[in-house]
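Asker: Quick check, what structure comes out for this input:
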Amino acid sequence: MAEVQKHGFVFEEWVKEIFKVAHLAYKYTQAWDIPGKIHTSIKTVGVKKSVEFGSTVRIWKATKSFILIVGRWEQIEKRKKFISIDEVKVTPAILKKMKGNISLNEIIKFDKKIRSFPAGKKGQQLGSKFAAQWKAERKHRMGLLNISAKLDSKNQRRIQCNLNYKNYRQIFGEPCMKTVLRNKKFTVEMNHGPRIFKKKSNLNLKA
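Answerer: The predicted model follows:
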């Protein structure tokens with residue numbers, strides 16, 4: 001387990017115990033962390049950071065209500081401490097607000113196009129130019145989700161989406177600022193410093 005991801009795994013294991021499930025999703029490609037009558041997605045983010053939904057195609061394919069559990073943490077010197085745990089229901093009406101008037105077919109075609117650009121710096125530049133134009137042409141139809149194309153100078157070619165802190169509050173209100181989920185309190189603190197990224201060429205186009 002990567003040290004920078006440890007807090008997320010610890011939080012997910014705690015949620016798993018509360019939901020009394022044998023396992024959570026263990027593959028990035030699995031659609032839901034906890035499948036069920038109402039599926040559940042678990043996210044861990046910095047206190048005012050965006051909630052990342054990963055696969056944009058996957059979230060656009062979602063049409064039914066699901067539960068979203070968001071654990072927000074803050075860095076205190078060399079410790080990560082969770083300060084808010086919220087359980088919210090994402091309904092079809094909310095999904096509509098998040099997606100705006102961008103169709104699933106548009107997302108699938110956009111994803112396919114971004115993945116088609118060749119590896120290397122030239123492909124990165126071409127893909128970035130295409131993504132910027134694609135978003136500009138649809139800026140008046142965008143919903144509350146930010147759609148971004150991730151391309152680097154090697155072979156990373158994908159799209160993802162997130163709900164920023166402002167838009168999260170617009171939909172669900174302020175985070176509760178309590179670390180309680182279904183009458184269970186989360187008290188674990190993790191001892192490791194802030195994540196440090198190596199400098200690299202990675203174009204993440206945001207609205």
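Asker: so residue 172 touches residue 89, yeah?
Answerer: No: with contact defined as Cβ atoms under 8 Å, residue 172 does not count as touching residue 89 (9.2 Å). For every residue, glycine as well, the C-beta is placed using N, CA and C.
Asker: pLDDT of the host helix or strand of residue 45, averaged?
Answerer: Using DSSP states H and E, residue 45 sits in strand 40-46. Here strand 40-46 scores 95 as its mean pLDDT.
Asker: returning to what we had before: please identify every residue contacting each of residue 172 and residue 89.
Answerer: Counting by Cβ atoms under 8 Å, 6 or more residues apart in numbering, no residue touches both residue 172 and residue 89.
Asker: So for these two, which sits in the more crowded spot?
Answerer: Per other Cβ atoms under 10 Å, whichever of residue 172 and residue 89 has more neighbours is residue 172, with 18 against 11.
Asker: what about residue 108, how many residues close to it?
Answerer: Neighbours of residue 108 (other Cβ under 10 Å): 14.
Asker: Kindly report the same for residue 144.
Answerer: As a burial measure, residue 144 scores 17 neighbours (other Cβ under 10 Å).
Asker: Let me know the distance separating the closest residue to it other than its chain neighbours from residue 104.
Answerer: Nearest residue to residue 144 in three dimensions, chain neighbours excluded: residue 167, at 4.1 Å (Cβ to Cβ, 6 or more residues apart in numbering). Separation of residue 167 from residue 104 (Cβ to Cβ, to the nearest Å) stands at 20 Å.
Asker: so what's residue 82 up against?
Answerer: Applying Cβ under 8 Å, 6+ apart, we find residue 82 in contact with 7, 11, 71-73, 179, 186, 188-189.
Asker: so what strands line up beside the helix or strand it falls within?
Answerer: In this assignment (DSSP H and E), residue 82 forms part of strand 79-90. Next to strand 79-90 in the sheet, as set by DSSP bridges, lie strand 66-76 (antiparallel), strand 189-191 (antiparallel).
Asker: tilt between the longest one and strand 40-46?
Answerer: When you say that, I think you mean strand 66-76. Using axes from the mean of the first three to the mean of the last three Cα atoms, to 10 degrees, the inter-axis angle of strand 66-76 relative to strand 40-46 is 20 degrees.
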